[in-house]
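[1] Please find the sequence and the predicted model below.
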Amino acid sequence: MARTTLLFKDVRRWALVAACAPLVMLAGCPQNPGAAKAKVPARAIAPAIDNSSTANTRQAGKVAAPQAEPVDPAKTYKDQQLVSHAEQLYRSGVDNYSAGHLDAARADFNAAVDSMLMSGMDLKGDPQLADEFDHLLSAVNSLEMAALKQGNGFSPTIEEAPLDAANQVTFPANPALTAKVEAELKTTQSDFPLVINQYVAGFISYFSNSQTGHAHLLRSLERAGRYKEMISKDLREEGVPQDLIYLAVAESGFQPQALNARSGAGGMWQFMPTGAYGLTRNGWFDERFDPEKSSKAYAVYMKSLYNQFGDWYLAMAAYDWGPGNVQRAVMRTGYADFWELYRRNVLPGETKNYVPGIIAAIIMSKNPTQYGLDKMVPEPAVVSDTVTVDYAVDLRLVADVTNATLPEIVGLNPSLLRMTTPRDMPFDLHIPVGTSELFASRMKQIPEDKRDTWRFHVVHEGETLDGIATSFHVHASEVAEENDLAANDSVDAGDELVIPIAAARAVAHPQTYKVRRGDTLVTVADRFGVTVEQLRRWNNLRSSSVKTGHSLRVSEPVKLAPHVRSRGRSSRGRSRSGASSVLSHSKSHAPQRSATKKSSAKSKHHDAKTKRKAAR
C-alpha cells in the first residue's frame, strides 16, 4: 500500500483510499436530488439549471470562501491540538495497516474518529473542524470498507461489476444480432421501455460471447436474488419500473459494500458521501451500505430524476453523470433524447456505455434461455430480525448470544463500519431470523456498559471452566466470580456463562499491566486489543516470554503536538449537505454515562447472576 502524507495537508486525501482499496467500481453515482420536478418531452429544452447548487455534478465548482471571522488564538490552538491528535491516531492506523495488523489499525482509526466526537468541541458549527472531520470520516470509512473488512475475512471479496470490465471494449455493428433481438422484444414483457440498436446489441454480444463479461453478469443476477423482493417493493411504491432493479448490475453487481475508490461513491446504488438522500453517515455506520435503506433512497431519487426529465433513459444518464450535466447537454443541443445526445457525442464515454449496458442486461435476464442464463440459481433472499439498540455491543457478543457466526452477523449489518454498534445512538441491528427473544434475554445477563467487550458462552459437552477461560484469554477465577461459581464448581453442557473481558482504553499516559502466572505476550495482547509487536516495542522486549509480576506497558501515550501549521478551507467543490448528517450525532457521544443508568445496569446484572446461580 502506498504511504500517505499527512491526512489534513492537501485535498488529495482520496489518493490514499485509491492506494488501499482493491476495488475499481463504476464511477456512476447519484448527486444531489434537489432539482425541480418538470416533465420534458423528447427534443425539448430541459428546465433551467439552478446555478446556486454545487452538488448536481460530480465535478462541481469551487465553494465560495466564507466571510473571515476574528481569530481567537486560544481556540485556534485548541483546534490544532485536536487535529494533531486525530492525525497522529490516523497515521498510526495507516502504519498498522501497512504492517498487516488489521485489528490494531481498526482500533487506531476508531480512536481517531472518537477523539473528535468526544472532544466536546463544536464540530458542526466550527467550519475548520467540520471540514477536517468530514475528510477524516471519508478516509477512515473508505479504508475500513475497502481494506480492513476485506482483509479480516469477515466480508466477501468485492467482485467487479459487469460494466466495469466492458468500459474499454469496442462493439462492432452486428445487424444479424440486432434483428434477432428485435424479434425477441415483440414477446418480451417489461414495464421499462426496451429498445434494440447497435449500441445495446454490442453489449448483448459482449455479455454473451466474452467469458469474463458473461461470468460477471451471471454472478450479478445470482446475487440479485438476495434483495430482489425487497427492491421490487420499493420500486413499486415509488412508481419506478420494476426492471430498473438492473441498474444495480452496472453500479455494484448487487454488492452492498461496493466502494468506488476514485469517487467515494458507495453501496449497492453507489451514492456519493454527500447529498440529501436521507441516509445517515457518521463515524459508526454508513447507511449507503444498508441494502434496505439505500434501496428506498434509490427508488425515491430515480423517480425524482424521471419527474425532472420525463424520460427514463435521460433519468438513468442523470443518475450516472449528474442531472446538472445532462441538463446542460440538453440545453446545448436542444434535444431531450438520450440516443440523440449519444450520436452527437456530448456524453462521456462512461455514460454512453451505462444506459445501453443496463438495457442489455434487462433484455438478457428476460430471455435467459437464449443467452445461457437458464441454469442460473438466484441466491436466497437475505432475511433477518431487527432489534434497535442504543448502546455499544460488540458483534462477537451478538454472534455469541444468537448462536451465529461472526461472519454471519457482519454480513447482516454491512452498514456498520466498526465491530461494535454506536453508543447512545439508535442503530437497527440485524440478527438471524427468530433470535430476537433469545438476544433480549441473554443480553440482560451482561451489564450495558460491558457489552462492547464482554462475551457470552454456552458450555459444550466436555468443556471445563479452565479451558473456556483459556480460549477467551481470561482467568478462570474472573469467570467464576462473574458467574457466582465457587473455585471448585464444575460446569455442565448447556450452562450459560458471561465472560468478563477487559476493555482496551485510549489513555493519555501509558497503561500498565502486572503479568500473572500463565500469561504470555499473546494473551496480554489479546486482552488489551493490541499487537505483540506493539508490546515488544513499548517494553523493549526481544522475545515473547514475560516474567510473572513484571509490569508491562499495554498502551502508547498520546502526545499532543504544541503547534500545527494552519491551512485554509479546501477549495475542492463539494456539497456540505452531507456534513449535517455526519455531525448530527456528535454531541450524543458523551464519554460519561449517568449514575442512574449505571446503577440500573448493575441491578439488572445482579438479578441475572442470581437467576443463573439459582438455575444451577
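    Right, received. Where do you want to start? Numbers count the residues shown, from 1 in each chain.
[2] Can I take it that residue 404 is in a helix?
    No: applying DSSP: H, G, I helix; E, B strand; the rest coil, one finds residue 404 to be coil, outside a helix.
[3] Touching, it and residue 433? I think so.
    No: with contact defined as CB atoms under 8 Å, residue 404 does not count as touching residue 433 (10.6 Å). For glycine as for every other residue, the C-beta is placed from the backbone atoms N, C-alpha and C.
[4] of those two, who's got more company?
    Counted by other CB atoms under 10 Å, residue 404 and residue 433 do not tie: residue 404 has more neighbours, with 17 against 10.
[5] Please name the nearest non-neighbouring residue to the more buried one.
    Computed as CB to CB, 6 or more residues apart in numbering, the closest residue to residue 404 that is not its neighbour in sequence is residue 432, at 5.2 Å.
[6] Can you check which residues contact both of residue 404 and residue 433?
    Here residue 404 and residue 433 have no joint contacts, going by CB atoms under 8 Å, 6 or more residues apart in numbering.
[7] so who does the closest residue to residue 416 other than its chain neighbours touch?
    Spatially, and ignoring its direct neighbours in sequence, residue 416 is nearest to residue 285 (5.1 Å; CB to CB, 6+ apart). By CB under 8 Å, 6+ apart, the residues touching residue 285 are 415, 416, 417, 422, 427.
[8] Let me know the closest of these to residue 545.
    Of all the contacts of residue 285, residue 545 sits closest to residue 417, with 37.2 Å by CB to CB.
[9] What is the neighbour count of the closest one?
    Residue 417 has 28 neighbours, counted by other CB under 10 Å.
[10] Distance of residue 254 relative to residue 240?
    17 Å (CB to CB, to the nearest Å).
[11] Lowest-confidence entry in the contacts of residue 285?
    Lowest-confidence member of the contacts of residue 285: residue 417, scoring 85 (pLDDT).
[12] The residue located most distally from the centre of the chain: helix or strand, and which one exactly?
    Distance from the C-alpha centroid of the chain, by CA atoms, centre = their mean, peaks at residue 488 (46.8 Å). Under DSSP states H and E, no helix or strand contains residue 488.
[13] Return the residues in contact with the residue lying closest to residue 503 once chain neighbours are set aside.
    Spatial nearest neighbour of residue 503, chain neighbours left out: residue 453 (4.2 Å); criterion: CB to CB, 6+ apart. Going by CB under 8 Å, 6+ apart, residue 453 touches 394, 501, 502, 503.
[14] Can you report how many residues neighbour the first one?
    So that's residue 394. Neighbour number of residue 394 under other CB under 10 Å is 22.
[15] Same check on the one 5 residues further on?
    Using other CB under 10 Å as the criterion, residue 399 is surrounded by 20 other residues.
[16] Now do it against residue 386, distance only.
    16 Å.
[17] re earlier: so how far is residue 184 from the residue nearest to residue 503?
    From residue 453 to residue 184 the distance is 59 Å (CB to CB).
[18] Find the least confident helix or strand in this protein, judged by mean pLDDT.
    Each helix and strand of the chain was given a mean pLDDT (mean pLDDT, DSSP states H and E); the minimum falls on helix 577-583 at a mean of 30.
[19] hang on, the earlier thing: from what I can see the residue nearest to residue 404 touches residue 408, true?
    Yes: between residue 432 and residue 408 there is a contact under CB under 8 Å: 6.8 Å.
[20] Which one (most neighbours) among the contacts of residue 285?
    For those, the largest number of neighbours (other CB under 10 Å) sits with residue 417, at 28 neighbours.
[21] List the contacts of residue 218.
    Counted by CB under 8 Å, 6+ apart, residue 218 has contacts 373, 376.
[22] Same question for residue 361.
    Residues 162, 203, 207, 217, 220, 221, 246, 249, 250 are the ones in contact with residue 361 under the rule CB under 8 Å, 6+ apart.
[23] Kindly reformat those as a markdown table containing neighbour count.
    Shown next, in a markdown table, are those (neighbours: other CB atoms under 10 Å):
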| residue | neighbour count |
| --- | --- |
| 162 | 28 |
| 203 | 26 |
| 207 | 27 |
| 217 | 31 |
| 220 | 24 |
| 221 | 23 |
| 246 | 25 |
| 249 | 27 |
| 250 | 27 |
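[24] Which pair of these spans the longest distance?
    Farthest pair in these, by CB to CB: 203 and 221, 14.5 Å.
[25] Mind listing what's buried along whatever helix or strand residue 318 lives in?
    According to DSSP H and E, residue 318 maps onto helix 312-321. Neighbour-count burial for helix 312-321, with 16 or more other CB atoms under 10 Å as criterion, is recorded at 312, 313, 314, 315, 316, 317, 318, 319, 320, 321.
[26] Give me the local confidence score for residue 205.
    pLDDT at residue 205 comes out at 93.
[27] again with residue 245
    Note on residue 245: pLDDT of 98.
[28] Neighbours of it, how many?
    When neighbours are counted by other CB under 10 Å, residue 245 comes out with 24.
[29] What sits closest to it if chain neighbours are left out?
    residue 231 (5.0 Å).
[30] my guess is residue 351 meets residue 317, correct?
    Yes: taking CB under 8 Å as the definition, residue 351 is a contact partner of residue 317 at 5.3 Å.
[31] Contact partners for the nearest residue in space to residue 427 that is not next to it in sequence?
    Leaving aside its chain neighbours, residue 427 sits nearest to residue 421 (4.7 Å; criterion: CB to CB, 6+ apart). By CB under 8 Å, 6+ apart, the residues touching residue 421 are 284, 389, 391, 392, 393, 395, 427, 429.
[32] Next, the last one: phi, psi?
    Yep, that's residue 429 we're talking about. phi -90, psi 130 (degrees, to the nearest 10).
[33] Name the spans of this protein whose pLDDT lies under the cut-off.
    Within the chain, the stretches falling below the threshold (pLDDT under 70) are 1-71, 97-103, 124, 138-158, 160-171, 504-511, 529, 556-616.
[34] mind pulling up the phi and psi values for the residue farthest from the centre of the chain?
    Torsion angles, degrees, to the nearest 10, at residue 488: phi -100, psi 10.
[35] and what of the one 4 residues further on?
    The phi and psi torsions at residue 492 (degrees, to the nearest 10) take the values phi -110, psi 160.
[36] Next: residue 266.
    Main-chain torsions, residue 266, degrees, to the nearest 10: phi -150, psi 160.
[37] same check, this time on residue 455
    Torsion angles, degrees, to the nearest 10, at residue 455: phi -130, psi 170.
[38] Identify the residue nearest it in space, chain neighbours excluded?
    residue 499 (4.0 Å).
[39] and that neighbour, what is it in contact with?
    Contacts of residue 499 (CB under 8 Å, 6+ apart): 454, 455, 456, 457, 468, 469, 472, 474, 479, 482.
[40] Now rank these by neighbours and give me the top one.
    Among the contacts of residue 499, the one with the most neighbours (other CB under 10 Å) is residue 454, at 24 neighbours.
[41] The protein: strands as residue ranges?
    With DSSP state E as the criterion, the chain has strands at 385-389, 427-431, 455-458, 496-499, 512-514, 551-553.
[42] For residue 289, find the nearest of those strands.
    Closest approach to residue 289 among those (CB to CB): strand 427-431, 12.3 Å.
[43] what angle separates the closest one from strand 385-389?
    150 degrees (axes from the mean of the first three to the mean of the last three CA atoms, to 10 degrees).
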